[in-house]
Every structure is written in C-alpha cells, then in structure tokens.
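Quick one, structure for this:
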Amino acid sequence: MTTTQQPPYPPTGPPHGHDHGSGDDHGSGHDHGTGGDGGHGSGAAGGHGSGGGGGHGHSHSHGPAAPVSRHLRKVIAAILIPFTVAVVVGMVVLWPGGAPSHKRTGVGFDRQTQQATVTKVVSVSCASVNASGGGSTGDTSTAEGSSAAQEAAGTCKKATVTVSTGKDKGRTFTEIVQPDQSRQLHQGEKVVVAYEPSAPRDLQYSVTDVNRKLPMTLLAGIFALAVVVVGRLRGVMALVALAISFMILNFFILPAILHGSNPLIVAVVGSSAIMLIALYMCHGLSARTSVAVLGTLMSLVLIGILGSVFIDWAALTGNTDDNTGLIHGLYPSIDMSGLLLAGVIIGSLGVLDDVTVTQTSAVWELHEANPSMGWRGLYRAGIRIGRDHIASVVNTLVLAYAGAALPLLLLFSIAQSSVGAVANSELVAEEIVRTLVGSIGLVASVPVTTALAALVVSADRPGREAVPAGAAGSAGAASAAGAAGSATTSTAPSAKPAPARGGKGRRRKH
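Alright, predicted model coming up:
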C-alpha cells in the first residue's frame, strides 16, 4: 500500500525565496521554501531546496544602489586634494597672528567697557536735574522742542550704578534717565558701562547697554540641546563644525583683513576652509559629500565674479554707516568695497551648503530607489526637486535682508521716497546687490550640483555576478534528489531558477 503524504500547510501560491544583501562589506542571504517531503538542501548560493516533484524559486535583491567606482573616487580626489592643500597653504601664508592693536577712540564699539549693577532708582523732577534748570524755552511745534518740554515737565529717574569689574570695582556713579528714553533702568538690573579715563571723574562712567549674557547663553543652550536631541551624533558634529567656523572667522578672516590683506582673497580662503570642515565633518568623508563640495565651490566662484563686477559697476564703496566709517578711520588701508564683496561671499556660503547637500542627497536617494535610471533621468528628477528648493531659498534670502534693513526701509517710507530713489541710494543698493548676487549663485548651484551628482552616481553600475557553474549544479542536484525521494506525483509547473548572487553582498563606500 502506498501512502501519499500531503504537506501539513499547503502553499496558497507559488513557492518563493528572498535574497537579502546588506552593504558595508558584509551581506547575508536566505531562501525559504516548502515542499512535499520537507527536504532542505543548501548550496553555494545559500538557499533551501524545495521538494514535491518540482519547484521553482525567485530572489528579490534588496541590496544597495550602485556605488561610486574607485576610478571616479580618484578623479574627485585629484580635484579636491590640491584644492585643500591650496586652502591650507593660503591660511598659513595669510595667518595674521592676532588683530593689530590701536589706541582706543572712545567712539561706538571702540571704547573701554565694564560690568555694573543698578543698585538704586528714585524718581525726581526733570527740572531739578536737567542742565537747563528750568522749563523749556524752545519751539514746541518742532520734535526737539516738544521733547524738551516733556522732559522739563515730566518725572525723570535717578539711578545709582555700582561698577562690578575692573580697577574701579565698587565705585558708584549716578545716571539720569529721561522719561522719553527707550531704555529705562530698574533696580537690580545688570548693565554695561563705558569708561573714558580722560573725562572728569564724575563723567568717566556712563551706562551704554544692558547686560544680556544670561538670556543669550540660555537661548544658545536651548538651541544646542534641540540640535543634539533631534540630530543626535550628526547634530553634535554640526555644533562642533559651527564652533570651528566661528573660530576661523574670529582668528583668521577678521584679523587678516585688519592687517591689510586683500579682503576678497581672505574671504575665499576662509570660506573654503569653513566649507571643507563643515561639510566633511557633518556629512562624512564620501563621494556624495565631495560632489556637494564641488557644487558649492563652483557656485562660490560665480558669486565672486558677479559680485566683483557689479560692486565695481555700481560704484559701491562699502562705507555707508557709522560702523564702516569708524573702520575706515581706524584702518584706512582696508579696501571697503573688497570688504563688501567678502561679506557677500561669506553670507552666501551657509545657504549654499544647504542647497548643494540637499540636491546631492536627493540624486543619491533617487538612484537608490531606481538603480537602472540613467544620468539624464536622475538629472530631470533631481532638478524637479531643486525647483521647489530654489523658490523657497530665494524668498528666504530676500526676506532675511529685508528684515535686517527694516528700520532703514521704514525711514524711506516716512520720507515718502519713490521706489527708484530708495533703490538708488547706496545703503539699499548694497543690500540689493548682495541679495541678487547671492540668489543667482544659489539658483545656479541647483543645476550644477544636480548634474555633477547624476554623472557621478550613474557613471558605472556593476552588473550582478554570475552564479558559479558548480553552485548551479549543486542546486540542480539537490532539487533532483528532493523530487526523486517523493512518492507523490507533482503537477506543479517547473521553472528555471533565477540567478542568485554568489558569495556575500558587498557595498562600496559612497
């Protein structure tokens, strides 16, 4: 009597197998099958045979997309390594060794300051403390006369301030606060006081600002915590890169300009150093990051050329306010128009990093999703993403500059100046040139970076490795043995086994 054995769990569909590969120099594969006699066989391809007269299997590859070839890595390195060496040499040659010293003028930021505390505040009559000693005699129809009349008739504050740092620590002085002043002092408030040693003793100290160290430090701590919590290790690396960027700005770029070096050359070298450190530290030493670096570099070159042409053509001097006037007075050798161009380049760098990294990552992920897509398809898909990015980034730049110049724009509105007159003034023209030159560089960075990334990531796509003949024979023998050992005649259709990857799945580094 022949007993026919049925599988305990009849399959509802064709048998199937999965071949999973994971990257980074290691891989794994497994093939699941069910059959009549339950025989399992394994071969070089790493699979289990299926019995029951005949069977078939197919594998799904979930391995990574095609990597960048060693040849392309060498090409990228041949471009970036000399560039990096040139940046290092430039920093060594231009290194200033600290900001040059000068005799303080006592004007604006160029004065001695100390920390102090408001220890007492009392209300007094303005008429008793003002220099005039009586009521206003000015014309109250004017703004100045009306203000003077309010001060004479109003109530002022007499604040006692105690110096808490420096050689005069513990010394007190009085500060009169007029009723129309925007900054009113309060008891216990921490303030910054200016010190002028050449003035009479009673007038050597005066309150210039409020001490904001505590709220600013707290806000910086909240920002750092948010970046670390959300970004984790990458967030930590971003904060470290940010700190290094500020160090390059404070210890190299600014002192080198003060020493008389060409602001454009200093800005290019310093910005390149910031770019290399920030991008590779935050995103890793890979071909993907290198493509973003190349895209950023090409866009910075374009911004430098356009900025130089239009700053010269529009006759922008860069000396438009009290701060730039003070700089020019203290250091006449500084090229103020070159300083303006340096600001354009440095200001555009941060947004450029964002655009180029995003575009490069988008192209890489598109290739991961569809490895068979050629560079033209990758470029078209990537540029569609880039168009959305362009619209948002350009709007961001314009609004950022408009927000910074809002008080100035308000003054022009009060004066009822025409749009043409406002745009023609040097103060506004500087911001327009800064905004438009930076925006052109950002717009250009999208197609440039997308094309570079598409060319690099699709340059070569290694085909699947052929299954060794021995492995195929072993798999066929195992299937035949399983079929011969079954007492039941199978009517399932047979199919050719799909070629499987030989050995471990491997992924080259991007």
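
Tell me how far residue 366 lies from residue 452.
14 Å (C-beta to C-beta, to the nearest Å). Backbone N, C-alpha and C define where each C-beta goes, glycine included.

again with residue 166
55 Å.

Of these two, give the one with the bigger neighbour count.
residue 452 (22 against 15; other C-beta atoms under 10 Å).

my read: that one touches residue 294, true?
Yes: with contact defined as C-beta atoms under 8 Å, residue 452 counts as touching residue 294 (5.8 Å).

for the protein, which spans come out with low pLDDT?
1-69, 99-110, 130-153, 460-510 (pLDDT under 70).

Give me the buried positions along the top strand by length along it.
The strand that spans the most residues within the chain, counting by DSSP state E, is strand 112-125. Of the residues in strand 112-125, those with enough neighbours to count as buried (16 or more other C-beta atoms under 10 Å) are 114, 116, 117, 118, 121.

So which of these is the closest to residue 253?
When the buried residues of strand 112-125 are compared for distance to residue 253 (C-beta to C-beta), residue 114 wins out at 28.6 Å.

Nearest residue to the closest one in space, ignoring adjacent ones along the chain?
Excluding the flanking residues, the one nearest residue 114 by C-beta to C-beta, 6 or more residues apart in numbering is residue 166, at 4.3 Å.

Let's verify the one you found: helix, strand, or coil?
Under the three-state scheme (DSSP: H, G, I helix; E, B strand; the rest coil), residue 166 adopts coil.

For the stretch 201-350 of the chain, which segments count as helices?
213-248, 254-258, 263-283, 287-313, 322-330, 336-369 (DSSP state H, counting those that start in this stretch).

Between strand 112-125 and the longest one, find me the angle.
Taking axes from the mean of the first three to the mean of the last three C-alpha atoms, to 10 degrees, one finds that helix 213-248 is oriented at 150 degrees with respect to strand 112-125.

Against which helices or strands is helix 213-248 packed?
Helices and strands touching helix 213-248, by 3 or more C-beta pairs under 8 Å, 6 or more residues apart in numbering; DSSP states H and E, are helix 263-283.

Using PDB, write out every CA atom in the helix it packs on.
Extracted in PDB, the C-alpha atoms of helix 263-283 (Å, rounded to 0.1, in the frame of the first residue of the first chain):
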ATOM      1  CA  PRO A 263      39.500  91.000   1.800                       C
ATOM      2  CA  LEU A 264      38.400  89.000  -1.300                       C
ATOM      3  CA  ILE A 265      41.400  86.600  -1.100                       C
ATOM      4  CA  VAL A 266      40.900  86.200   2.700                       C
ATOM      5  CA  ALA A 267      37.200  85.600   2.300                       C
ATOM      6  CA  VAL A 268      37.800  83.000  -0.400                       C
ATOM      7  CA  VAL A 269      40.400  81.100   1.600                       C
ATOM      8  CA  GLY A 270      38.500  81.300   4.900                       C
ATOM      9  CA  SER A 271      35.100  80.400   3.300                       C
ATOM     10  CA  SER A 272      36.800  77.400   1.600                       C
ATOM     11  CA  ALA A 273      38.200  76.200   4.900                       C
ATOM     12  CA  ILE A 274      34.800  76.600   6.600                       C
ATOM     13  CA  MET A 275      33.100  74.700   3.700                       C
ATOM     14  CA  LEU A 276      35.600  71.800   3.800                       C
ATOM     15  CA  ILE A 277      35.500  71.400   7.500                       C
ATOM     16  CA  ALA A 278      31.700  71.800   7.900                       C
ATOM     17  CA  LEU A 279      30.600  69.600   5.100                       C
ATOM     18  CA  TYR A 280      33.000  66.700   5.700                       C
ATOM     19  CA  MET A 281      32.600  66.800   9.500                       C
ATOM     20  CA  CYS A 282      28.700  66.900   9.300                       C
ATOM     21  CA  HIS A 283      28.200  64.500   6.300                       C
END
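
quick one: that helix to helix 287-313, angle?
Helix 263-283 and helix 287-313 are oriented at 160 degrees to each other (the same axes, to 10 degrees).

Check which helices and strands helix 263-283 is in contact with.
Using 3+ C-beta pairs under 8 Å, 6+ apart as the contact test, the elements touching helix 263-283 are helix 70-94, helix 213-248, helix 254-258, helix 287-313, helix 336-369.

Columns distance to residue 410 and mean neighbour count on top of these, output as a markdown table?
Rendered in a markdown table, the data for the helices and strands packed on helix 263-283 read as follows (distance: least, C-beta to C-beta, whole Å; neighbours: other C-beta atoms under 10 Å):
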| stretch | distance to residue 410 | mean neighbour count |
| --- | --- | --- |
| helix 70-94 | 40 | 14 |
| helix 213-248 | 26 | 13 |
| helix 254-258 | 30 | 20 |
| helix 287-313 | 26 | 21 |
| helix 336-369 | 23 | 21 |
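
In a markdown table, list these along with distance to residue 188.
Below are these laid out as a markdown table (distance: least, C-beta to C-beta, whole Å):
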| stretch | distance to residue 188 |
| --- | --- |
| helix 70-94 | 46 |
| helix 213-248 | 13 |
| helix 254-258 | 36 |
| helix 287-313 | 48 |
| helix 336-369 | 39 |
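
right, and the ones you listed - which one's nearest residue 266?
helix 254-258 (4.6 Å).

packing partners for the closest one?
In terms of contacts (3+ C-beta pairs under 8 Å, 6+ apart), helix 254-258 is packed against helix 263-283.

between the helix it packs on and helix 70-94, what angle do the directions make?
Using the same axes, to 10 degrees: helix 263-283 against helix 70-94 is 130 degrees.

For the helices of the stretch 201-350 of the chain, give me CSV that also has distance to residue 206.
Putting those into CSV (distance: least, C-beta to C-beta, whole Å) gives the following:
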stretch, distance to residue 206
helix 213-248, 20
helix 254-258, 27
helix 263-283, 34
helix 287-313, 38
helix 322-330, 18
helix 336-369, 30
